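S.K.: Turn this into a model:
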Amino acid sequence: MDLEYSDEQRLLSETLRKFLGTGYAFDARGKITASAAGFSEDVWAALAEMGILGVPFDAVYGGFGGTTIDMLIVFEALGEALVVEPYLATVGLGARFVARGGSAEQRARILPALIQGKLKMAFAQTEHGARWDLRHVATRAARAGDGYVLDGEKSVVLHGGAADLLVVSARTSGGERDASGISLFLVERGAPGVSVSEYRTLDNLRVADVKLAGVRVGADALLGREGHGFELADEVVDYATALVCAQPIFAGLIALFLGRSLPRLGWIGIAVATLGTALIAGADLGVSVRALAGDLLALAGGLAAAVYVTLGAAARARMSTAAYTAGCYATCAVLLLGASVIGGVHLTGFSGNAWLKIVLVTVCAQLLGHTLINVVLHTTSPTAVSLALLLETPGAALVAYFWLHQRPPLSAAPGLALLLGGLVLVVRTRAAPADID
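M.R.: Purely as a prediction, here's the structure:
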């Protein structure tokens, strides 16, 4: 197996990293996130000029014709620089719908403009109470003449305020949680009846709530076949999940930044295990295994988790497990309590069954699981710990099997084998100090 980048892939990586290294310093990023738009039009135009917006699309539309590996190279560089521009929302999600399910006319109209930086997109899917289930769609699309009328509300739409064009999921038939009957529509943000309320997330990205009140669209706004939008949405979200399974990569890069070299065997293990996780996440379990909002924000979450385990390893060299975990839990409890009070989240009134699940999550996931992570960080590298955390994916599949009676298909087995194999490779390596002249 040839794990080396091609000359074109090395050039892609070097060009993007050079641009971000000179024009996207941390102070510049701070000014960008504090701006009214929350991203830089100049940076977006530069990404278009370099061809980064066209990496996954066919050359006939002005794209690069790249592979998923090319996209992973791009996301690795964007994640390393903490880029806040709407690349995932536009290229990884919105345009992916058009490329995979759009008509020839839709592709010809949308993709060239997007690649040139003239059009931004977003995926309006999540609704109140839907959580991870892509089938949960209450927004309705009723036939009206030669088109449709859309009514409903969408929540936490990544870069929804910046998007010129929204991909909206709406139900044309069936019940609120049926997989069949979901259709996808292209809706202009400025269309009559569309209202967008934008706000900032804790990591300084921008999301929006979108209300659709009697929004009329033509028949040419339909993406793919009517009533078969779930299959396309599931595929696109799985693709985006693969792009953002990058926490171990960030941990390895942070190790390099701190002057510790990770052996070639370790990088091979990271690549193999990440591929295995992507295969597992891409295997349909009946519902998506990740909350959609988590998928969309996982780049920032992956980097934050990698920073956490790296700082944790340094802290554990001087602190006991009890002191370190007590500090972590107390800080999280205070922050979550404050966020709940500010957000008006109710902390009481749950059923007995709900309290039982809360207690189980607290005892098993936090007091046992998280504490074990902090114990292991005392003797194990952050890269290995980050990679081990990917076992959460097959663990979730097992919980779904025994508790929710959702049997994972055999296609998930190769992914689990690759994940375990990659973990073994990383554990067998040790980060060596960098040579300093």
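S.K.: And the next helix or strand past the helix or strand where residue 168 lies?
M.R.: Using DSSP states H and E, the element containing residue 168 is strand 165-171. Sequence-wise, the next helix or strand downstream of strand 165-171 (DSSP H and E) is strand 182-188.
S.K.: Just the CA atoms of the next helix or strand after that next one, as PDB, please.
M.R.: The helix or strand immediately downstream of strand 182-188 is strand 194-200, counting by DSSP H and E. The C-alpha coordinates for strand 194-200 follow below in PDB (Å, rounded to 0.1, in the frame of the first residue of the first chain):
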ATOM      1  CA  VAL A 194     -37.400  32.900   4.700                       C
ATOM      2  CA  SER A 195     -36.100  34.500   7.900                       C
ATOM      3  CA  VAL A 196     -32.600  33.800   9.300                       C
ATOM      4  CA  SER A 197     -31.500  34.500  12.900                       C
ATOM      5  CA  GLU A 198     -27.700  34.200  13.200                       C
ATOM      6  CA  TYR A 199     -25.800  33.700  16.400                       C
ATOM      7  CA  ARG A 200     -22.300  32.800  17.600                       C
END
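S.K.: Give me the contact list for strand 194-200.
M.R.: 38, 160-161, 166, 187-189, 206-213, 215 (C-beta atoms under 8 Å, 6 or more residues apart in numbering). Using the backbone N, CA and C atoms, a C-beta is placed for each residue, glycine as well.
S.K.: With stretch 34-50 instead?
M.R.: Against stretch 34-50 from outside (C-beta under 8 Å, 6+ apart): 15-16, 19, 23-24, 32, 53-54, 83-87, 115-117, 120, 159, 161-162, 200, 204-206.
S.K.: Check which helices and strands the strand holding residue 168 is in contact with.
M.R.: If you count contacts as 3 or more C-beta pairs under 8 Å, 6 or more residues apart in numbering; DSSP states H and E, strand 165-171 packs onto strand 121-124, strand 140-144, strand 147-158, strand 182-188, strand 206-218.
S.K.: Pick the most buried one from those strands.
M.R.: Of all these, strand 121-124 has the most neighbours on average by mean count of other C-beta atoms under 10 Å, namely a mean of 30.
S.K.: What mean pLDDT does it get?
M.R.: Strand 121-124 shows a mean pLDDT of 96.
S.K.: Name the strands paired with that strand and say parallel or antiparallel.
M.R.: In the sheet, strand 121-124 lines up against strand 165-171 (parallel) (DSSP bridges).
S.K.: Please work out the angle formed by the directions of the partner strand and strand 194-200.
M.R.: If you take axes from the mean of the first three to the mean of the last three C-alpha atoms, to 10 degrees, strand 165-171 sits at 110 degrees to strand 194-200.
S.K.: which of the residues in strand 165-171 are buried?
M.R.: Neighbour counts over strand 165-171 (16 or more other C-beta atoms under 10 Å) mark 165-171 as buried.
S.K.: ok, the contacts of strand 194-200 vs residue 330, which is closest?
M.R.: Of all the contacts of strand 194-200, residue 330 sits closest to residue 207, with 28.7 Å by C-beta to C-beta.
S.K.: My understanding was that that closest one contacts residue 154; is that so?
M.R.: No - look at residue 207 against residue 154 with C-beta atoms under 8 Å: they stay out of range, at 10.4 Å.
S.K.: Domain-wise, how is the chain divided?
M.R.: 7-119, 123-227, 231-433 (automatic domain parsing).
S.K.: Please list all residues in contact with residue 64.
M.R.: Counting by C-beta under 8 Å, 6+ apart, residue 64 has contacts 51, 54-57, 70.
S.K.: what's the answer for residue 114, then?
M.R.: 53, 90-91, 94-95, 120-121.
S.K.: what does residue 13 give?
M.R.: 5, 73, 76-77.
S.K.: hmm, 10 Å instead?
M.R.: Counting by C-beta atoms under 10 Å, 6 or more residues apart in numbering, residue 13 touches 5, 70, 73-74, 76-77.
S.K.: want to throw the contacts of residue 114 into CSV with secondary structure?
M.R.: CSV is the format used below for these (DSSP: H, G, I helix; E, B strand; the rest coil):
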residue, secondary structure
53, helix
90, helix
91, helix
94, helix
95, helix
120, coil
121, strand
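S.K.: got TSV for those, with distance to residue 236 too?
M.R.: Output for those, formatted as TSV (distance: C-beta to C-beta, whole Å):
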residue	distance to residue 236
53	17
90	13
91	12
94	9
95	10
120	17
121	12
